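**Q** Okay, here's the prediction I keep looking at, along with the sequence it came from:
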Amino acid sequence: MPVIRAADIASIMTPGLQLDEPTLETHRALAEQATHEIREGAEGLTFYTDEFQPAANRPDLLRLPVLTHPHPVQDLNLLFHRTMRTPAYMWAREKGFDIMPEIFSCNILWLQGGYVKCPENMVTMLIFVPRPRLRGSVTLPEEPPSEGIIRSPIAGPVTTDSIFKCRVGEVIFLEAGEQVLLREEACPRDICICGITHRTTLLGGTGKGDFEQL
């Protein structure tokens, strides 16, 4: 799934609809406001390298322990669901599934190698956040962009790759089985993300996806 920017949000909210220009402008304004709020929330986060712990059997993937999540992380999670629930819901509907309302997991991940993958029967929204820094170090005037690869399954072992370059506050939606990998030539090579995962259910299935009603 490509990076979700304001223009993408506006198109997701009005798939295939022929709308007059004032209505389109309203959707664009709402989309701009949503992306602006998420970007501000993400830019306000500060993490330190000594707060992170390696994931099980993954020394190249570090996590911020959930119990130590600062309030700004919780605020970003709530902000994301308030501003992006309708675009996410409509995007999922176009893909043929619903997003369940309960959050399965919310993690701050510092990826230094390898990949992160969206589990089966789930969807993961990745918000790019500032990389951790050493305590006492000088804050960079601007966080360098994060570069990587989205690997999407097509059929069996066949996959397709797309390259992304994201700033803090930008969002990627991952479907089940999709992966985010680092690019060897990127500088800096690491990325830090807030990964929010929800279970999904096929349209017409027994589950009820009320993500839009959160």
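**A** Noted; the coordinates are in hand. All figures in this text were calculated on a predicted structure; none of them were measured in a lab. Numbers count the residues shown, from 1 in each chain.

**Q** show me what contacts the spatially most central residue of the chain?
**A** Centroid-nearest residue in the chain: L126, 1.6 Å away (criterion: CA atoms, centre = their mean). For L126, the contacting residues are V116, V171, I172, F173, L174, V180, I193, C194, G195, I196, by CB atoms under 8 Å, 6 or more residues apart in numbering. Heads up, the C-betas are built off the backbone N, CA and C, glycines and all.

**Q** That one: what secondary structure?
**A** The three-state label given to L126 by DSSP: H, G, I helix; E, B strand; the rest coil is strand.

**Q** List the ones among the contacts of L126 that fall in helices.
**A** With DSSP state H as the criterion, helices contain none of these.

**Q** out of those residues, what pair is the most spread apart?
**A** Farthest apart among those by CB to CB are V116 and V171. That separation is 14.6 Å.

**Q** more crowded one of the two?
**A** V171 (27 against 22; other CB atoms under 10 Å).

**Q** partners of the helix or strand containing P101 in the sheet?
**A** Element membership of P101 [criterion: DSSP states H and E] is strand 97-111. Strands adjacent to strand 97-111 in the sheet, as given by DSSP bridges, are strand 58-63 (antiparallel), strand 191-202 (antiparallel).

**Q** so where's the chain shaky on pLDDT?
**A** With pLDDT under 70 as the threshold, the chain has low-confidence stretches at 1-32, 67-68, 70, 204-214.

**Q** Measure how the longest helix seen in the chain sits relative to strand 191-202, angle-wise.
**A** The residue-count maximum for a helix in the chain (DSSP H) belongs to helix 71-95. Interaxial angle, helix 71-95 versus strand 191-202 (axes from the mean of the first three to the mean of the last three CA atoms, to 10 degrees): 40 degrees.

**Q** same for helix 71-95, what does it pack against?
**A** helix 6-13, helix 21-43, strand 97-111, strand 122-128, strand 171-174, strand 191-202 (3 or more CB pairs under 8 Å, 6 or more residues apart in numbering; DSSP states H and E).

**Q** For P157, find the nearest of these.
**A** For those, the distance to P157 is smallest for strand 171-174, at 18.9 Å, taking CB to CB.

**Q** where's that closest one relative to the chain centroid, distance-wise?
**A** Remark: strand 171-174 is offset 4 Å from the chain centroid, using CA atoms, centre = their mean, to the nearest Å.

**Q** Which residues does V180 form beta bridges with?
**A** Here V180, judged by DSSP bridges, has bridge partners V116, I150.

**Q** sorry, back to before: ranking the contacts of L126 by neighbours, who comes first?
**A** Counting neighbours by other CB under 10 Å, V171 comes out on top of the contacts of L126 with 27 neighbours.

**Q** That one touches V129, doesn't it?
**A** No. Assessed by CB atoms under 8 Å, V171 is found out of contact with V129, at 11.0 Å.

**Q** Send me stretch 76-84 as CSV with only the CA atoms.
**A** What follows is stretch 76-84 as a C-alpha-only set of coordinates in CSV (Å, rounded to 0.1, in the frame of the first residue of the first chain):
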residue,chain,number,x,y,z
LEU,A,76,-1.2,10.1,18.8
ASN,A,77,-3.0,6.8,18.9
LEU,A,78,-6.3,8.5,19.8
LEU,A,79,-5.7,11.3,17.3
PHE,A,80,-5.1,8.8,14.5
HIS,A,81,-8.3,7.0,15.2
ARG,A,82,-10.2,10.2,15.3
THR,A,83,-8.9,11.7,12.1
MET,A,84,-8.2,8.6,10.0
